[in-house]
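Chemist: Provided below for reference: sequence and predicted model.
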Amino acid sequence: MKPNSSLTLRSLSLIPLSLAVATAQTPAPQTATPPPVSYTSASQLNQLLSQLEQTAQTTQVDLAKLRIEKWKTDANQKQQMLADVGSIERNLRGALPEIIGQLRAAPENLTSTFKLYRNLDALYDVLGTVVESAGAFGPKDDFQMLENDLNALERSRRTLADRMETLSGAKEVEITRLRSQLQSTEAAAKPPQPPKKVVVDDNEPAKKPVKKKSASTKPPATTTPQTVPPPPPQPQ
């Protein structure tokens, strides 16, 4: 990994991590009792969370082994790395376990799932800067163990992203089904329209029949009488 020489960028990388900690400390809103979770979904989540907890414990141990004060860099760089490591450790000890507990209580809650994903994303960014600095200024062993922790965290983040996509698709199907059921129920409960009434007024005067015009008759054609010649005279 190439070292990131910009102190400002590493300082900015702490912002999402701090936001993730603040979000985790905010109490979750009260919601209705969630529907039962399938065994497969619960089993997949438990496996994911167990691996993530193991990664968090290993990362804390590895961070405690660092001797950043002996790294071959200036004092400002060392101070920044110490601040990054402290921020990661606070998250791994406080915010992350709390979010994991919220998700275990509601395994298919999209809000808790996304909160965990956002926290892992922030952790990955800040830990990545520490790994880069370890590769540039620290011993090779420090770099190798932190890189292993970063890769494990990335695997958990990707698995959680896949689960979040699956849950979103399932929720969309459920919403579509419920909307269709609601429309069917409303249609069945709607009262039928009364038949139209035809009012007959007996006092209304009868309409006069309309006489049809007869076809015009043409006068008979006149024929010119033919003149019959007189008979010839008889011989004497």
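Modeler: Good, I have the coordinates.
Chemist: next structured bit after the helix or strand bottoming out on mean pLDDT in the chain?
Modeler: Confidence across the helices and strands of the chain bottoms out at helix 7-25, with a mean of 47, counting by mean pLDDT, DSSP states H and E. Scanning the chain past helix 7-25 towards its C-terminal end, the next helix or strand to appear is helix 39-65 (assignment: DSSP states H and E).
Chemist: Report all helices and strands that that next one contacts.
Modeler: Based on contacts counted as 3 or more CB pairs under 8 Å, 6 or more residues apart in numbering; DSSP states H and E, the elements that helix 39-65 packs against are helix 75-90, helix 96-105, helix 110-137, helix 140-189. Every residue, glycine included, has its C-beta placed from N, CA and C.
Chemist: can you tell me which residues contact the closest residue to K115 other than its chain neighbours?
Modeler: Computed as CB to CB, 6 or more residues apart in numbering, the closest residue to K115 that is not its neighbour in sequence is I99, at 5.5 Å. Applying CB atoms under 8 Å, 6 or more residues apart in numbering, one finds that I99 lies in contact with A24, S112, K115, L116, N119.
Chemist: Could you save those as a markdown table and add columns showing neighbour count and distance to E132?
Modeler: A markdown table is the format used below for the contacts of I99 (neighbours: other CB atoms under 10 Å; distance: CB to CB, whole Å):
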| residue | neighbour count | distance to E132 |
| --- | --- | --- |
| A24 | 22 | 26 |
| S112 | 19 | 31 |
| K115 | 21 | 27 |
| L116 | 26 | 25 |
| N119 | 24 | 21 |
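Chemist: re the thing from before, right, so the helices and strands packed on helix 39-65: which one is the most enclosed?
Modeler: Burial among those, expressed as mean neighbours by mean count of other CB atoms under 10 Å, is greatest for helix 110-137, which shows a mean of 20.
Chemist: what is the orientation angle of that one with helix 96-105?
Modeler: Interaxial angle of helix 110-137 relative to helix 96-105 (axes from the mean of the first three to the mean of the last three CA atoms, to 10 degrees): 150 degrees.
Chemist: other SSEs contacting helix 110-137?
Modeler: Packed against helix 110-137 by the contact rule (3+ CB pairs under 8 Å, 6+ apart) you find helix 7-25, helix 39-65, helix 75-90, helix 96-105, helix 140-189.
Chemist: any chance of those in TSV, plus distance to A134?
Modeler: Conversion of the helices and strands packed on helix 110-137 to TSV gives the following (distance: least, CB to CB, whole Å):
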stretch	distance to A134
helix 7-25	13
helix 39-65	10
helix 75-90	8
helix 96-105	21
helix 140-189	4
